[in-house]
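*Asks:* Here is a sequence with its predicted model. Questions after.
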Amino acid sequence: MKTEAGAAGEADRPAPGPPAAPPPGWAPPSDPVGKPGAEPSGPAEHSNPYAPPDETANEPAEPALDPAGPTHEPPERRGLAALSPGYQVVAALALAGVVLIACIHILMVFLHVAPANTMTKKHGAVVDEWIYPEFEQNWKLFAPNPLQQNVAVQVRAQVRSSDGERRTTGWYDLSGQDGAAIKGNLFPSHTQQNELRRAWDVFVATHDAQNRPTGLRGTLSEQYLRRILVLRLDRLDVGGKGDVIERVQTRSRATTIAPPKWSDEKVNQKPVYRQVPWWTVTSTDAPLDSGTRVRVQGSAGGAR
């Protein structure tokens, strides 16, 4: 709502007339580069202020089209495809040879661990030449007779005291001691599990029923087992101060595992013993660097 004073002020304001004419001698500015007739590089600075703005001035220029059309680069070749045809043939032959050798090796190992059959009887020598000695297998993939007995190794010693008196100790159940140390142990010792057991298994496999060695491995297995027995007796303190362990004797006690309660099978659970003759202990059975505290008879007959 206009007041009377405002209406009177608007009535006294003069009406706008035509734009004023330029003064005499005025000329439009020349090109900034100094070349008359050249088109300016940017928008005109002295354009008509009443003209509408140019909407296309700030639009990006369209890229020029290639008359030859778009180009497509070939995909990069990798692996065997990147090789020349000659090298591709060589690589394919080498790969086929590796696969063939791997298949032959798997077949030979299978025939080696499999039960006796026509193939192993006819080509057993070829299989053995392939397997031994680098790929020897000492485990049973097809066990026809799983273990059905508890075998305990026991030992006793003949000790001579410093006054010349000889005494024979009782039997020590070494396998029972190993079993007690393993029971309830989440991380049992590999020595407690396998050292004595494997030594006895090798001894039995390399000796006949009269406990006579059947070859060089039999003699070595006897020495190995005897050394283990002497070291275990040392841990048990069977020899007092000044005592000498002159001989040791070992035996095995095999007991058949009882069948389950729901089975009607009847088995004889009477223990079966295999006793080895007395072995004379020498210095080689308890070397000085073994940590043993017992005194054993030297190889020449004297104690050390």
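*Replies:* Nice, thanks for sending it over. Here the structure is a predicted model, which means the values were calculated and not measured. Numbers count the residues shown, from 1 in each chain.
*Asks:* Kindly list the longest helix within the chain.
*Replies:* Looking across the chain with DSSP state H, the single longest helix is helix 85-113.
*Asks:* That one packs against which elements?
*Replies:* Judged by 3 or more CB pairs under 8 Å, 6 or more residues apart in numbering; DSSP states H and E, the packing partners of helix 85-113 are helix 118-131. To be clear about C-beta, it is placed using only N, CA and C from the backbone, and glycine gets the same treatment.
*Asks:* right, and the helix or strand after the helix it packs on?
*Replies:* Note on helix 118-131: by DSSP states H and E, the next helix or strand toward the C-terminus is strand 149-160.
*Asks:* The longest helix of the chain: which residues count as buried?
*Replies:* By neighbour count with 16 or more other CB atoms under 10 Å, helix 85-113 contains the buried residues 108-109, 111-112.
*Asks:* what's the closest of those residues to residue 233?
*Replies:* residue 112 (39.7 Å; CB to CB).
*Asks:* surely the closest one meets residue 137?
*Replies:* Yes. Contact between residue 112 and residue 137 holds when scored by CB atoms under 8 Å: they sit 5.9 Å apart.
*Asks:* tell me, what's touching the two both at once?
*Replies:* Common contacts of residue 112 and residue 137, defined by CB atoms under 8 Å, 6 or more residues apart in numbering, comprise residue 131.
*Asks:* re the thing from before, would you list the buried residues of helix 85-113 in TSV and tack on pLDDT and distance to residue 101?
*Replies:* Formatted as TSV, the buried residues of helix 85-113 follow (pLDDT from 0 to 100; distance: CB to CB, whole Å):
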residue	pLDDT	distance to residue 101
108	90	10
109	89	13
111	88	16
112	86	16
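*Asks:* any low-confidence regions in the stretch 151-300 of the chain?
*Replies:* Scanning the stretch 151-300 of the chain for pLDDT under 70 picks out the ranges 287-300.
*Asks:* just the helices in it please.
*Replies:* 174-182, 190-205, 216-235 (DSSP state H, counting those that start in this stretch).
*Asks:* Only the buried residues of the last one, if you could.
*Replies:* Applying a neighbour-count criterion of 16+ other CB under 10 Å, one finds 218, 221-222, 225-234 buried in helix 216-235.
*Asks:* same for it, what does it pack against?
*Replies:* strand 149-160, helix 190-205, strand 244-256.
*Asks:* Now do that helix and strand 149-160, the angle between them.
*Replies:* Angle, helix 216-235 to strand 149-160, by axes from the mean of the first three to the mean of the last three CA atoms, to 10 degrees: 70 degrees.
*Asks:* Now do the same contact list for residue 135.
*Replies:* 105, 108-109, 112.
*Asks:* In TSV, list those residues along with distance to residue 125.
*Replies:* Conversion of the contacts of residue 135 to TSV gives the following (distance: CB to CB, whole Å):
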residue	distance to residue 125
105	17
108	12
109	16
112	12
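*Asks:* now, among the residues you listed, which is nearest to residue 81?
*Replies:* Minimum distance to residue 81 across the contacts of residue 135 is 29.7 Å, recorded for residue 105 (CB to CB).
*Asks:* Next one: the closest one, what pLDDT does it get?
*Replies:* Per-residue pLDDT puts residue 105 at 93.
*Asks:* just residue 2 next, same as before
*Replies:* You'll see residue 2 listed with a pLDDT of 50.
*Asks:* mind checking how far residue 220 is from residue 212?
*Replies:* Plainly put, residue 220 is 14 Å away from residue 212 if you go by CB to CB, to the nearest Å.
*Asks:* Can you pull out the residues in contact with stretch 207-218?
*Replies:* Contacts of stretch 207-218 (CB under 8 Å, 6+ apart): 202-203, 206, 219, 221-222, 276-277.
*Asks:* how about the helices and strands packed on helix 216-235 in TSV, adding mean neighbour count?
*Replies:* As requested, the helices and strands packed on helix 216-235 are exported to TSV (neighbours: other CB atoms under 10 Å):
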stretch	mean neighbour count
strand 149-160	19
helix 190-205	16
strand 244-256	18
